[in-house]
Structure formats: structure tokens, C-alpha cells
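# fold the stuff below for me.
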Amino acid sequence: MPTGYIPRADGTFDTWQHHFGIYVTAHFLELGLTVEEVTGLKKVMLPWRSAFEAHGAARAAAKAARIAKTDRRGDYERTIREVVRRIQSNEAVTDAQRAALGITVRDAEPTPAPAPTPRSGQNNPPSAGGLWSRSISPSVCGTRCATPTSPRPPAAPGPAAPSARRSG
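So this is what the prediction gives:
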């Protein structure tokens, strides 16, 4: 049951409780505490420290186990892929066997791709090259864009071209 002055995170709490315990032990009389109260505090502090350290060790072990598991899985997957390549290249292996293994069963007759369709909202007829023509809305690009029916966009502002000097 954390309250305002007790840190919530375990690592921060452990540092805080350590300093708290040292100070209480050194100044218990000034704080109006008895030896029994300090002893009671230490009785619950020691199991906390053991549990906190065990938890830290378990977390480190779990992290190491996860890394080892990930590495071993990578090794295993590479080997599986090599075996599957050999199986797939074997003409004697049937599609039923492939299905039983849970590997790709090649399509004997590839599914034809559907004909391309224009994007929704574009009802432009095909142009001479067989491509769909597009016009760019001025709201999208302002005056920077030119469409087939618009004049060229204005030149970008910049330094004027150098003029020829007259010698005189």
C-alpha cells in the first residue's frame, strides 16, 4: 500500500528503504522509537532484501533464457528451411505429403490476376497510351503544379539573371 512518500518502483523503493533503515537505526532514540520497533523493522527488511535480490536474479536469468531461446529458434528455423527446400525440390513428394507437413503446396494452375481497375473516384477514360490520365487538384499543390490544360507554373523567386554590362 504505497503512500506519497514511499516510492512505487521497486528499485527506487529499495534505495529509499536502505537509507531509511540506516537513519532509523542510527537515530531511533531521537525519533522516539524503541529497540523493539527497530528490531521489528529489520525483521521485515531482511526478507524484502532477499526477495528483491532473488527477483533481480530471476529477471536476469529469464532475460538470458529468452535470448538463448530466440537464438536456438533461429538456428532451428534455418535448418527447417533447408530441409523444406530439399523436400520441395523432390519431385517424388506429393501435394498430400506437403499438406501433411504444413508447408506450401504449390498451385498447379496459378490463379490469374484480376484486370486493373481505376481508383475509386476516378472515372477518366483511358488515354492514348492506355494509361489513366490524372489531373492534380490545385487545392493539393496550389500554383506549383501544372496540369495538361493549365499554363506552366510561375518561376520560383530567386536572384535575377545577370545582365550584360555595357562598357562605355
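# what about residue 24, distance to residue 33?
The gap separating residue 24 from residue 33 is 7 Å, by CB to CB, to the nearest Å. No exception for glycine: its C-beta is placed from N, CA and C like everyone else's.
# what of residue 50?
Remark: distance between residue 50 and residue 33 (CB to CB) = 24 Å.
# those two - which one has more neighbours?
Set side by side, residue 50 and residue 33 show more neighbours around residue 33, with 15 against 10, by other CB atoms under 10 Å.
# dihedrals phi and psi, that one?
phi -100, psi 160 (degrees, to the nearest 10).
# which residues touch it?
residue 24 (CB atoms under 8 Å, 6 or more residues apart in numbering).
# now do residue 104
88, 98.
# now do residue 99
Contacts of residue 99 by CB under 8 Å, 6+ apart are residue 105.
# residue ranges in the chain under the pLDDT threshold?
Low-confidence segments of the chain (pLDDT under 70): 1-3, 120-168.
# helices of that one, start to end?
Taking DSSP state H as the test, the helices found in the chain are 10-27, 35-89, 95-101, 138-141.
# now the ones you listed in JSON lines, please, with extra columns for distance to residue 110.
Converted to JSON lines, these look like this (distance: least, CB to CB, whole Å):
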{"stretch": "helix 10-27", "distance to residue 110": "58"}
{"stretch": "helix 35-89", "distance to residue 110": "16"}
{"stretch": "helix 95-101", "distance to residue 110": "15"}
{"stretch": "helix 138-141", "distance to residue 110": "39"}
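# out of those, which comes closest to residue 107?
Judged by CB to CB, the one of the helices of the chain that comes nearest to residue 107 is helix 95-101, at 10.0 Å.
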